[in-house]
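Novice: Attaching a predicted model along with its sequence, questions to come.
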Amino acid sequence: DSGVTQTPKHLITATGQRVTLRCSPRSGDLSVYWYQQSLDQGLQFLIQYYNGEERAKGNILERFSAQQFPDLHSELNLSSLELGDSALYFCASSFGQSQNEKLFFGSGTQLSVL
Amino acid sequence: AQSVAQPEDQVNVAEGNPLTVKCTYSVSGNPYLFWYVQYPNRGLQFLLKYITGDNLVKGSYGFEAEFNKSQTSFHLKKPSALVSDSALYFCAVFQGGSYIPTFGRGTSLIVHP
């Protein structure tokens, strides 16, 4: 068990809808990362927060947004969903933000857009 | 830009035989290299990392990786494969100055009994 908790594990929704994915990092970790995993794109970095502040943005669509709350949990909001948004969404955490640190991954949220 | 390539989508090996999962990188500056493993229905788990020092890095579950600067490679190895090693393996790289890892597309390792 990595100590990173993601909910829900599975999410089935329709095109045009909005969903929220939740992540609780490991106790003591300040940094949260969101990744999207799909068969055609592999593991794509979306966004990173450190101690409540957005620190890095990757290939995140404008329809997607995220935030990290004072208790350090994070939420990823996906809106106006399209079929192509179907993927496995991972949250990862680390204590800080350096190149020495390994990331601890949650088990992911499998999103299916029908 | 930083990039990492895993040239093989799938590697098949018989149990007890040595295994190699390949990774090459392209970064400016010193590379910081990691290997992660993903078992079915699980998140990625850290295996090992190379930051500096000895080119042969030992990690979890008997895995090791060899850093080769001239060939810009960081191949994952294990002397004797187990069926339980069957999983998806990801190489990741940090470029100097960036603290966001870029992951390769992953290599599916299948170990046959």
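Specialist: Now that the structure is in, tell me what you want to look at. Nothing here was measured: the structure is a model prediction, and the numbers come from that model.
Novice: Nearest residue to the closest residue to chain B within chain A in space, please, no chain neighbours.
Specialist: Across chain A, the shortest distance to chain B (C-beta to the nearest C-beta) belongs to A:Phe105, at 3.2 Å. Yep, even glycine has a C-beta here, placed from its N, CA and C like the rest. Nearest in space to A:Phe105, with sequence neighbours left out and distances taken as C-beta to C-beta, 6 or more residues apart in numbering or on different chains, is B:Gly43 at 3.2 Å.
Novice: my guess is B:Pro31 contacts B:Cys23, does it?
Specialist: No - using C-beta atoms under 8 Å, B:Pro31 is not in contact with B:Cys23; the gap is 10.6 Å.
Novice: Overlap of the contact sets of the two?
Specialist: Shared contacts of B:Pro31 and B:Cys23, defined by C-beta atoms under 8 Å, 6 or more residues apart in numbering or on different chains, comprise B:Phe74.
Novice: The two - which one has more neighbours?
Specialist: B:Cys23 (25 against 22; other C-beta atoms under 10 Å in any protein chain shown).
Novice: correct me, but the more buried one touches B:Thr72?
Specialist: No - using C-beta under 8 Å, B:Cys23 is not in contact with B:Thr72, being 9.6 Å away.
Novice: What sits closest to B:Phe46 if chain neighbours are left out?
Specialist: A:Lys102 is the one closest to B:Phe46 (C-beta to C-beta, 6+ apart), at 4.0 Å.
Novice: Assign a three-state SS to the one you found, would you?
Specialist: Secondary structure, DSSP: H, G, I helix; E, B strand; the rest coil: A:Lys102 is coil.
Novice: Can you show me the strands along chain A?
Specialist: A:5-7, A:10-13, A:19-24, A:31-38, A:42-50, A:53-57, A:64-68, A:74-78, A:87-94, A:104-105, A:109-113 (DSSP state E).
Novice: which outside residues touch the first one?
Specialist: When contacts are taken as C-beta under 8 Å, 6+ apart, the neighbours of strand A:5-7 outside the stretch itself are A:21-24, A:89-91, A:106-109.
Novice: Run through the residues that contact the residue nearest to A:Phe104 when sequence neighbours are not counted.
Specialist: Among residues not flanking A:Phe104 along the chain, A:Ser2 sits closest, at 4.3 Å (C-beta to C-beta, 6+ apart). A:Ser2 makes contacts with A:26, A:104-106, B:43, B:45, as judged by C-beta under 8 Å, 6+ apart.
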